[in-house]
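Peer 1: have a look at this prediction, sequence included:
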Amino acid sequence: MKEFKTLDSKLKIYRTFSENESDLPLFLATVEAGFPSPAEDYVEARLDLNKLLIKHPAATFFVRVQGHSMRDANIHDGDVIVVDRALTPTCGKIVVAVLNGEFTLKRIKIEKESLFLLPENPDFKPIRITSEMDFEIWGVVTYIVHKAC
Amino acid sequence: MYALIDCNNFYASCEELFNPKLKKNPLVVLSNNDGCVIARSKKSKDLKIPMGAPLFKWRDFFFRHNVATLSSNFTLYADMSARVIATLEEFALPLEVYSIDESFLKLDDPRMGAEIRQKVMQWTGIPVSIGIAKTKTLAKVANKEAKKGAGVVIIQAIDDHLKNLPVEEIWGIGGRYKEKLHSYGIRTALELKNCDDTWIRKKLTVGGLRTVWELRGISSIDWDPDPEIQKSLVYSRSFSNEITKKGDLHEAISSFAAGAAEKLRRHDLIAGHLTIFMNSNRFKEDYISASLSYTLPRATNDTMQLVKEANRMLHHLYKEGYGYKRAGVALCDISQAPLRQLDLFASYDRTLNKRSENLMKSLDEINHRYGRKTLHLAAEGLTPRWKPLSKNKSAAYTTDWDELPTIKI
């Protein structure tokens, strides 16, 4: 794109279309002296992070977390977690749940017909879920996106 | 068999999914400009708050009954609707999307209803009601019953479901035929079903006859997975404050024309006819309403052309001394862009057209990547005074990285 400078140099203006319009057909691969690229037959699509992280797009949500109760599970303050509602919440999985109208994030443990919400930080206590409590599981955490730098 | 899947209190359900605290009290969602109620949660329906209740009239009631009010968040609702539809598509059954929160599925085994309901709830968090029957119209009847609590209703013995159903509640009959049918002593769906065909055809037209056949279990309405392109496109808003200055109206009309143009391009359509309209406050004495139409020399979806023509008409239409409360643009004579017909008399500059197409493409790509209205015409205004109020809008939880739901852990 061609760039134009303005008087105060604060505003950059770019032209959006090419100067030489032509109606010639565009070849998708460059042809060097008539020999096709040896890699042509092996070209594959670029890697898409979505394919790695999202198995059920309709049921997948991103949530940002604040706090430290899951530090030892490598979920840190400010991380984005990938939550999949399509997965079955089984013992040992980390889940997003709703307890008395509030969101929470804990590892679940099912022991002797009781459900426990376990933090991953010694400064926090486990919670035992009883049938009188207003509780439901919102989704299962599949990946944690943590900023390294 | 047909299954009609309908989301329960859709907008309210979307809001409650990301803010479960809302479930504790009644909730209503308000229209653009926070004008009136367009959605109610179950608790609000129990309080008998009517659809369309204007906020200014009901404010006290809401306060006394702890009714939470939220501005509509269509970005969120559109995304959640897409998720519900995608979940239904997982069943690999013929699917027809009817509206933002209703779809029909064709299925062989009515017992699938429970499975479909459970899957939509688990995957998307949106509760749905499902009505299953031999025809679409009967599926609608079943769905209405399902909404009352059962969740899934299958119609087998048709008459049982029709004998207590008022005629005006039949899909395709409605309020407009209510008085007429009542005058003939027909008050229930069962009574209508048993009427003579020739009589129905005469009194309710062929469309009414189709509806009655559907009530009898004979599928008569087309299956339409790829509906016809829309015949008209209207883009209008009411203003938070009355607008008196021409310049402000100019900004609003430009914005609406640009929005309509973008909508056309999104569906690869072009429009040949443009109308602009505006009116002052309906509740004031000196109410005026005006509109002007123009057939475009060449059907288009180009923002600049549409904005230019819209403003040319505004120049003729605008009257000083009035406080305008609402304005809009309407497009019709809509056709598909690739099938454009050329006009013998219009001059057609091929290079100019290609340039404007490229410009529109760049405009759309940038707005798609960085957010709607990132790039817009100067004519649309920088800080428009007419922008609708949305005092209590929830975040774009599923479409904006900066507005993700945040939980404290």
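Peer 2: Received it, and whenever you're ready, just let me know what you need.
Peer 1: quick one: the strands in chain A?
Peer 2: Using DSSP state E, the strands of chain A run over residues A:3-5, A:12-14, A:60-66, A:80-84, A:94-99, A:102-111, A:114-118, A:127-129, A:135-145.
Peer 1: partners of the fourth one in the sheet?
Peer 2: Spelled out, that is strand A:80-84. Sheet pairing for strand A:80-84, assigned by DSSP bridges, gives strand A:60-66 (antiparallel), strand A:135-145 (antiparallel).
Peer 1: need the ones you listed in JSON lines (columns: distance to B:Gly259, mean pLDDT and mean neighbour count).
Peer 2: Using the backbone N, CA and C atoms, a C-beta is placed for each residue, glycine as well. Converted to JSON lines, the strands paired with strand A:80-84 look like this (distance: least, C-beta to C-beta, whole Å; pLDDT from 0 to 100; neighbours: other C-beta atoms under 10 Å in any protein chain shown):
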{"stretch": "strand A:60-66", "distance to B:Gly259": "28", "mean pLDDT": "97", "mean neighbour count": "19"}
{"stretch": "strand A:135-145", "distance to B:Gly259": "34", "mean pLDDT": "97", "mean neighbour count": "18"}
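Peer 1: next, format those strands as TSV and append distance to B:Tyr287.
Peer 2: Formatted as TSV, the strands paired with strand A:80-84 follow (distance: least, C-beta to C-beta, whole Å):
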stretch	distance to B:Tyr287
strand A:60-66	47
strand A:135-145	50
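Peer 1: closest to B:Ala337 out of those?
Peer 2: Closest to B:Ala337 of the strands paired with strand A:80-84, according to C-beta to C-beta: strand A:60-66, at 33.7 Å.
Peer 1: how far is the closest one from where the chain is centred?
Peer 2: Here strand A:60-66 is found 8 Å from its chain centre; the criterion is C-alpha atoms, centre = their mean, to the nearest Å.
Peer 1: name the helix or strand of chain A that has the lowest mean pLDDT.
Peer 2: Comparing helices and strands within chain A by mean pLDDT, DSSP states H and E singles out strand A:3-5 as the least confident, with a mean of 52.
Peer 1: chain B now?
Peer 2: Least confident helix or strand, chain B: helix B:350-370 with a mean of 78, by mean pLDDT, DSSP H and E.
Peer 1: list the buried residues of that helix.
Peer 2: The neighbour-count criterion (16 or more other C-beta atoms under 10 Å in any protein chain shown) identifies B:356, B:360, B:363-364 as the buried residues of helix B:350-370.
Peer 1: closest to chain A out of those residues?
Peer 2: Comparing those against chain A with C-beta to the nearest C-beta places B:Leu363 closest, at 8.8 Å.
Peer 1: could you double-check that that closest one lies in contact with B:Leu375?
Peer 2: Yes. The criterion here is C-beta atoms under 8 Å, and B:Leu363 meets it with B:Leu375 at 5.7 Å.
Peer 1: show the pLDDT at the residue nearest to B:Tyr98 when sequence neighbours are not counted.
Peer 2: Excluding the flanking residues, the one nearest B:Tyr98 by C-beta to C-beta, 6 or more residues apart in numbering or on different chains is B:Phe104, at 6.1 Å. B:Phe104 carries a pLDDT value of 95.
Peer 1: so B:Phe104 sits in a strand?
Peer 2: Yes. Under DSSP: H, G, I helix; E, B strand; the rest coil, B:Phe104 falls within a strand.
Peer 1: quick one: contacts for B:Ser390?
Peer 2: Contact analysis of B:Ser390 by C-beta atoms under 8 Å, 6 or more residues apart in numbering or on different chains lists B:32-34, B:71-72.
Peer 1: before we move on, what about B:Ile158?
Peer 2: So, once contact is read as C-beta under 8 Å, 6+ apart, B:Ile158 ends up touching B:133, B:138, B:193, B:215-217.
Peer 1: and the helices in the stretch 301-409 of chain B, which stretches?
Peer 2: B:303-317, B:350-370 (DSSP state H, counting those that start in this stretch).
Peer 1: near chain A, which residues of chain B are found?
Peer 2: B:20-21, B:23-24, B:82-84, B:86-87, B:90, B:122-125, B:351, B:354-355, B:358-359, B:362, B:397-398, B:401, B:404-409 (C-beta under 8 Å from any C-beta of the partner chain).
Peer 1: buried members of those into PyMOL, please.
Peer 2: Buried residues within the residues of chain B next to chain A, by 16+ other C-beta under 10 Å, are selected in PyMOL with:
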select buried, chain B and resi 20+23+82+83+84+87+122+123+124+125+397+398+404+405+406+407+409
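Peer 1: from the residues of chain B next to chain A, which land in strands?
Peer 2: Residues from the residues of chain B next to chain A lying in strands, with DSSP E as the criterion: B:406-408.
Peer 1: strands of the stretch 51-200 of chain B, start to end?
Peer 2: Counting by DSSP state E, counting those that start in this stretch, the stretch 51-200 of chain B has strands at residues B:68-71, B:95-99, B:102-106, B:128-133, B:152-154.
Peer 1: end to end, how far does stretch B:312-330 reach?
Peer 2: Stretch B:312-330 has its terminal residues 15 Å apart, counting by C-alpha to C-alpha, to the nearest Å.
Peer 1: wait, B:Tyr294 touches B:Met313, no?
Peer 2: Yes. B:Tyr294 is within contact range of B:Met313, at 6.0 Å (criterion: C-beta under 8 Å).
Peer 1: count of neighbours near A:Lys93?
Peer 2: Counted with other C-beta atoms under 10 Å in any protein chain shown, residues neighbouring A:Lys93 total 15.
Peer 1: nope, B:Arg201 is what I meant
Peer 2: Count around B:Arg201 with other C-beta under 10 Å applied: 15.
Peer 1: ok so, going back, the more surrounded of B:Tyr294 and B:Met313?
Peer 2: Shown here are B:Tyr294 and B:Met313; by other C-beta under 10 Å, B:Met313 has more neighbours (19 against 14).
Peer 1: that one against B:Ala290, yeah?
Peer 2: No. Counting by C-beta under 8 Å, B:Met313 does not reach B:Ala290; the two are 10.1 Å apart.
Peer 1: can I get the strands of chain A in a markdown table including distance to B:Tyr177?
Peer 2: Putting the strands of chain A into a markdown table (distance: least, C-beta to C-beta, whole Å) gives the following:
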| stretch | distance to B:Tyr177 |
| --- | --- |
| strand A:3-5 | 65 |
| strand A:12-14 | 60 |
| strand A:60-66 | 45 |
| strand A:80-84 | 48 |
| strand A:94-99 | 46 |
| strand A:102-111 | 49 |
| strand A:114-118 | 54 |
| strand A:127-129 | 54 |
| strand A:135-145 | 44 |
